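S.K.: Sequence below, structure please.
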Amino acid sequence: MGFSFFNFLSSDIGIDLGTANTLIYVKGKGIIVNEPSIIALEENTDKVVAVGNEARQMLGRTHQDIITIRPLKDGVIADFEATEIMMREFIKKANVNRMMIGKIIVCVPSGITEVEKRAVRDSAERAGAREVDLVAEAMASAIGVGLEIEEPIGNMIVDIGGGTSEIAVISLNGIVNHTSIRVGGDEMNSSIIQYFKKNFNLLIGEKTAEDIKCNIGSAYKLDEEIKTEVKGRDLVDGIPKTIEISSAEIREALSDSINAIVEAIKLSLERTPPELASDILDRGIILSGGGALLKNLDARLREETSMAIHVAEDPLTCVARGCGKILDEPEKYEKVILRHRRSA
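M.R.: Predicted structure coming up:
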């Protein structure tokens, strides 16, 4: 009786624990938290200074006693303790009492190892979960988009996140084939930073690179090219300076990352059984994740694959919305939960 009463009071939550952003879905309330996966801590005491948006504002602007940490890299946990603290802080922001957390569903890249899955489970348990289930990001994204994953029909989803790009062909509640590459928004930011170093001897920060990518980055030529001013530090004489940059130059900076995603999609299509391939030809490829917002990425993929490309509605929240549907209808989506496999 006590247990069922606790179940009634407890909050089940879904977490899209992304390299760039963390989203928290609380059952019955929807997406409550959508903030950058960044935490600022005091160097000596590990006391939390800021988390999420406030911590992002501090990136590259802290003194020696405060460190800003991005605890996830390439879609997996790079700093276990910082991840646990960050999850706890985000759960607090979602107004969920730590003592009243029931189940936590966490989305993970489909290519991660059992050890990396264990780290995610442990982090969620230490953040207060009584039960932890893992779901592949691509599957959660497909559910969030509203695809009929239980039907014997092929669906292809391309989820471009901060750390990884997940490409999956889904049918009958399962992933028929998946390709997970460690290229995403972070890799694009790094490419922009390197481009400025190499071509302009200008050092820019990570936050500036991301702003440039979001404002004028593109994967295919624009109807009207955009220009913007960029501030950074001159590597030759060491003083700050401003230069003007065009969207065509940023497209060149991003070309390697875009090419890697294009090749991964082609490889995935090559591996797809012919019946499912014909379904995908009819239905097209769905783009989700923050990377889907890159200007004209759909046009570039359309040209490369000669297939219909659909950008999901609100692509940033697809995975979190998928988590929500799994929490709301656990029996329907029971088969998509990743089971723990013991290594032989």
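
S.K.: Can you point out the buried residues in the helix or strand containing residue 115?
M.R.: If you go by DSSP states H and E, residue 115 is part of helix 114-126. Residues of helix 114-126 classed as buried by neighbour count (16 or more other CB atoms under 10 Å): 116, 117, 119, 120, 121, 123, 124. Using the backbone N, CA and C atoms, a C-beta is placed for each residue, glycine as well.

S.K.: and the lengthiest helix in the chain, what's its mean pLDDT?
M.R.: The residue-count maximum for a helix in the chain (DSSP state H) belongs to helix 247-271. Per-region confidence: helix 247-271 scores 97 on mean pLDDT.

S.K.: start at 49 instead
M.R.: Understood, numbering begins at 49; the last thing we discussed is helix 295-319.

S.K.: Packing partners of that helix?
M.R.: strand 203-208, strand 213-219, strand 222-229, helix 233-248, helix 254-264, helix 345-353 (3 or more CB pairs under 8 Å, 6 or more residues apart in numbering; DSSP states H and E).

S.K.: Can you say which of the ones you listed is packed in most?
M.R.: Greatest average neighbour count among those goes to strand 203-208 (a mean of 27), per mean count of other CB atoms under 10 Å.

S.K.: Paired strands for that strand, with orientation please.
M.R.: Paired neighbours of strand 203-208 in the sheet (DSSP bridges): strand 213-219 (antiparallel), strand 333-336 (parallel).

S.K.: between that strand and helix 233-248, what angle do the directions make?
M.R.: 50 degrees (axes from the mean of the first three to the mean of the last three CA atoms, to 10 degrees).

S.K.: How about residues contacting strand 203-208?
M.R.: 185-186, 189-190, 193, 195-197, 213-219, 232-233, 309, 313, 316-317, 320, 327-328, 331, 333-340, 342, 345, 349, 366-367 (CB atoms under 8 Å, 6 or more residues apart in numbering).

S.K.: if you set the cut-off to 7 Å instead, what comes out?
M.R.: With contact meaning CB atoms under 7 Å, 6 or more residues apart in numbering, strand 203-208 is reached by 185-186, 189-190, 193, 195, 197, 213-218, 232, 309, 313, 328, 331, 333-340, 367.

S.K.: swap in stretch 107-121?
M.R.: Contacts of stretch 107-121 (CB under 7 Å, 6+ apart): 65, 67, 85-91, 97, 103, 106, 125-127, 130-131, 134, 211, 253-255.

S.K.: Produce a ChimeraX select command limited to the buried residues of these.
M.R.: Buried subset of these, written as a ChimeraX selection, criterion 16+ other CB under 10 Å:
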select :65,67,85,86,87,88,89,97,103,106,125,130,131,134,211,253,254,255
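
S.K.: Okay, and which of the contacts of stretch 107-121 map to strands?
M.R.: Among the contacts of stretch 107-121, the residues falling in strands (DSSP state E) are 65, 87, 88, 89, 90, 97, 125.

S.K.: In CSV, list the residues you listed along with distance to residue 372.
M.R.: Output for those, formatted as CSV (distance: CB to CB, whole Å):
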residue, distance to residue 372
65, 15
87, 24
88, 29
89, 30
90, 35
97, 31
125, 23
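
S.K.: Of those residues, which is the nearest to residue 371?
M.R.: residue 65 (10.3 Å; CB to CB).

S.K.: circling back to that earlier point, just the buried residues of helix 162-174 now: which is nearest residue 58?
M.R.: Closest to residue 58, out of all of the buried residues of helix 162-174 and judged by CB to CB, is residue 172, at 14.6 Å.

S.K.: show me what contacts that closest one?
M.R.: Contacts of residue 172 (CB under 7 Å, 6+ apart): 135, 152, 154, 180.

S.K.: Ranking by neighbours, what's the top pick from those residues?
M.R.: When neighbours are counted by other CB atoms under 10 Å, residue 152 leads those with 30 neighbours.

S.K.: doesn't that residue fall inside a strand?
M.R.: Yes: counting by DSSP: H, G, I helix; E, B strand; the rest coil, residue 152 falls inside a strand.

S.K.: do you know how far the spatially closest residue to it that is not a sequence neighbour is from residue 75?
M.R.: Nearest residue to residue 152, sequence neighbours excluded (CB to CB, 6 or more residues apart in numbering): residue 177, at 3.9 Å. Distance of residue 177 to residue 75, given as CB to CB, to the nearest Å: 13 Å.

S.K.: Of these two, which one has the most company?
M.R.: Set residue 177 next to residue 75 and count neighbours by other CB under 10 Å: residue 177 wins out with 23 against 17.

S.K.: Contact partners for the residue nearest the centre of the chain?
M.R.: Note on the chain: the residue nearest the mean C-alpha position is residue 209, at 3.3 Å, using CA atoms, centre = their mean. With contacts defined as CB under 7 Å, 6+ apart, residue 209 is in contact with 66, 67, 68, 123, 232, 233, 337, 338, 339.
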